[in-house]
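> Can you look at this prediction? I've put the sequence above it.
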Amino acid sequence: MNDIILLKVGEIILKGLNRRRFEQKLLGNIRWRLSRLGKYRVYILQSTVYVEGDEGADMDLAFEELQKVFGVVAISRAAACAKDKDAIAKLAIDYLRDDMLRAKSFKVESRRSDKSFPMTSVELSQYVGGELSDAYPDIEVDVHDPELVVHIEVRDLAAYVHAAPVPGAGGMPVGSNGVAISLLSGGIDSPVSTWMIARRGVRPIPVHFFSFPYTSEQAKEKVIELARLLTPWCGKMRMEVVPFTHIQEEIRDKCPEEYFTLIMRRFMMRIAERIALDNGAKAIVTGENLGQVASQTMEAMASTQAVLHLPVLQPLIGMDKSEIIAQARKIGTFETSILPYEDCCTVFTPRHPRTHPTVAEVEEAESALDVETLVNEALAGLERIAIDYEESL
Ligand code: ATP
Ligand code: MG
């Protein structure tokens, strides 16, 4: 019996002429994800991706990993058999034994894309339902609210029996909507914003600002670990670490204290934009969340974004902190995020930050700095770190 995994393609089927490109991205991402687990055959037919394992391929692990691939709405395991009603019924009886013994009620739902199959979907459902009832007399048929739905599909190559699908990761295939710079700190928010933008099909390039020795080597390791935790979802990434110490010291020495954070954030944006231009990235992603801290008022964000030409995407802007935390737990970054290493944002924090600045005020406050030289100096010291899921296993 040939156990397979079926992935239902999500929104990408809506994309008309772009559909093929989207599908190819999805297939590429799935193949990359599976390449470290063993040998699998991956192909797409009628908006369903089929994954067949070679001899010895671990289907349990594949099933788990594939739940982290964006662009998939539902995922199920299935067994294949010949397109014959008795072969299908026998397979359903054997393959679903545990499920049938556990559930109190069930129904069968059939679909046939092979219209030459000699029974209608309804006839096939009734037939297989009857055979299952005979084999498992303790479970009732309930067509309205069954505990277990037995799905049968008759397709071009074979018939498949599968139990109810589990939800896929949703969204769109990573890379199908371009590339963006994602500002990644060691906090709770930015791993979630990176995940959310990847879910919309954007390939993120994480950028981290590092203020050694004010922030420790461990703080950097923590960010690398956060990026690594995102690779099952985002694919392998290349993180850019920006040396930020000199800029922060200059701000401390030459600018009014109440503007420290805003000026620092303007430098982050300028540097991120230059990295974006060098990498074909079309936006800058942050984990900002309206009203959460002093630098996240509308005026404060206007003053930081005034230095930019690219759009700033803020996937968390309207979420509650509790929702962000729940999401961080779900994707597995929360425990690492709360490790107690400081971020460069907490170095030289003003006692009384300006919360409703004008752009002109902030420009005036940073006028003593040689912006271009500082930006170029930081860019010259970029450290590039490969974040690879496979290597780090
Ligand atoms: P987070 O939990 O993501 O650290 P935060 O609530 O602490 O966010 P801020 O410190 O104001 O908020 O940072 C806002 C956003 O700026 C972060 O979500 C992140 O995208 C970016 N950012 C902050 N510090 C850094 C850093 N050291 N390196 C890269 N990006 C940063
Ligand atoms: Mg932070």
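All right, it came through fine. Ligands and ions are numbered 1, 2, ... in the order given.
> From now on I want contacts and neighbour counts done on CA atoms only, so please keep to that.
OK.
> which residues of the stretch 201-350 of the chain score low on pLDDT?
Along the stretch 201-350 of the chain, the parts satisfying pLDDT under 70 run over 344-345.
> got the residues of this structure near ligand 1?
Counting by C-alpha under 6 Å from any ligand atom, the residues of the chain close to ligand 1 are 183-190, 207-210, 286-288, 295, 343-345.
> Tell me which of the residues you listed fall in strands.
Assigned to strands by DSSP state E, the following of the residues of the chain next to ligand 1 qualify: 183, 207, 208, 209, 210.
> just those residues now: which is nearest residue 41?
Among those, residue 207 lies closest to residue 41 (C-alpha to C-alpha), at 35.0 Å.
> Hmm, the closest one is touching residue 239, no?
Yes: taking contacts as C-alpha atoms under 8 Å, residue 207 lies within contact range of residue 239: 5.7 Å.
> Compare those two and say which is more crowded by neighbours.
residue 207 (27 against 24; other C-alpha atoms under 10 Å).
> what about the nearest residue to residue 265 once chain neighbours are set aside, neighbour count?
Using C-alpha to C-alpha, 6 or more residues apart in numbering and skipping the chain neighbours, the partner closest in space to residue 265 is residue 304 (6.0 Å). Residue 304: 23 surrounding residues under other C-alpha under 10 Å.
> and if you look at residue 185?
A total of 28 residues lie near residue 185 under the criterion other C-alpha under 10 Å.
> quick one: it from residue 211, how far?
12 Å (C-alpha to C-alpha, to the nearest Å).
> got the contact list for the residue nearest to residue 265?
Residue 304 is in contact with 262, 263, 265, 266, 269, counting by C-alpha atoms under 8 Å, 6 or more residues apart in numbering.
> which secondary structure element contains it?
In this structure, residue 304 sits in helix 298-305 according to DSSP states H and E.
> before we move on, what about residue 262?
Following DSSP H and E, one finds residue 262 within helix 260-279.
> same thing with residue 76?
Assessed by DSSP H and E, residue 76 sits inside strand 72-81.
> which secondary structure elements does that strand contact?
strand 2-9, helix 85-95, strand 159-162, strand 166-170 (3 or more C-alpha pairs under 8 Å, 6 or more residues apart in numbering; DSSP states H and E).
> With respect to burial, which of those scores highest?
strand 159-162 (a mean of 24; mean count of other C-alpha atoms under 10 Å).
> Can you point out the buried residues in the helix or strand where residue 133 lies?
Using DSSP H and E, residue 133 maps to helix 121-135. For helix 121-135, the neighbour count (16 or more other C-alpha atoms under 10 Å) marks 121, 124, 125, 126, 127, 128, 129, 131, 132, 133 as buried.
> Now do the strand holding residue 76 against strand 2-9, angle only.
150 degrees (axes from the mean of the first three to the mean of the last three C-alpha atoms, to 10 degrees).
> Renumber starting at 295 from here on
Noted, 295 is the first residue going forward, which turns the last one into strand 366-375.
> Can you give the strand pairings for strand 366-375, parallel or anti for each?
Listed by DSSP bridges, the sheet partners of strand 366-375 and their directions read strand 296-303 (antiparallel), strand 453-456 (antiparallel), strand 460-464 (antiparallel).
> With mean pLDDT and distance to residue 322 as extra columns, can I get those strands in TSV?
TSV is the format used below for those (pLDDT from 0 to 100; distance: least, C-alpha to C-alpha, whole Å):
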stretch	mean pLDDT	distance to residue 322
strand 296-303	87	14
strand 453-456	92	24
strand 460-464	95	16
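> what separates residue 448 from residue 517, distance-wise?
From residue 448 to residue 517 the distance is 48 Å (C-alpha to C-alpha).
> OK, contacts around the residue of the chain most remote from its centre?
In the chain, residue 428 marks the outermost C-alpha relative to the chain mean, sitting 44.1 Å out by C-alpha atoms, centre = their mean. Residues near residue 428 by C-alpha under 8 Å, 6+ apart: none.
> Tell me, what's the model's pLDDT at it?
We note a pLDDT of 96 for residue 428 in this prediction.
> likewise residue 686?
Value listed for residue 686 in the pLDDT field: 39.
> how far away is residue 381 from residue 459?
Distance of residue 381 to residue 459, given as C-alpha to C-alpha: 22 Å.
> Give me the number of neighbouring residues for residue 675.
12.
> who does the nearest residue to it once chain neighbours are set aside bridge with?
Spatial nearest neighbour of residue 675, chain neighbours left out: residue 537 (6.3 Å); criterion: C-alpha to C-alpha, 6+ apart. Beta bridges link residue 537 to residue 504, judged by DSSP bridges.
> what are the bridge partners for residue 399, then?
residue 434.
> ok, now which ones touch it?
Contacts of residue 399 by C-alpha under 8 Å, 6+ apart are 433, 434, 435, 436, 440, 441, 442.
> Mind doing that once more with 6 Å?
Shown in contact with residue 399 (C-alpha atoms under 6 Å, 6 or more residues apart in numbering): 433, 434, 435, 436, 440, 441.
> can I get the residues you listed in TSV with neighbour count?
As requested, the contacts of residue 399 are arranged in TSV below (neighbours: other C-alpha atoms under 10 Å):
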residue	neighbour count
433	18
434	17
435	20
436	15
440	16
441	20
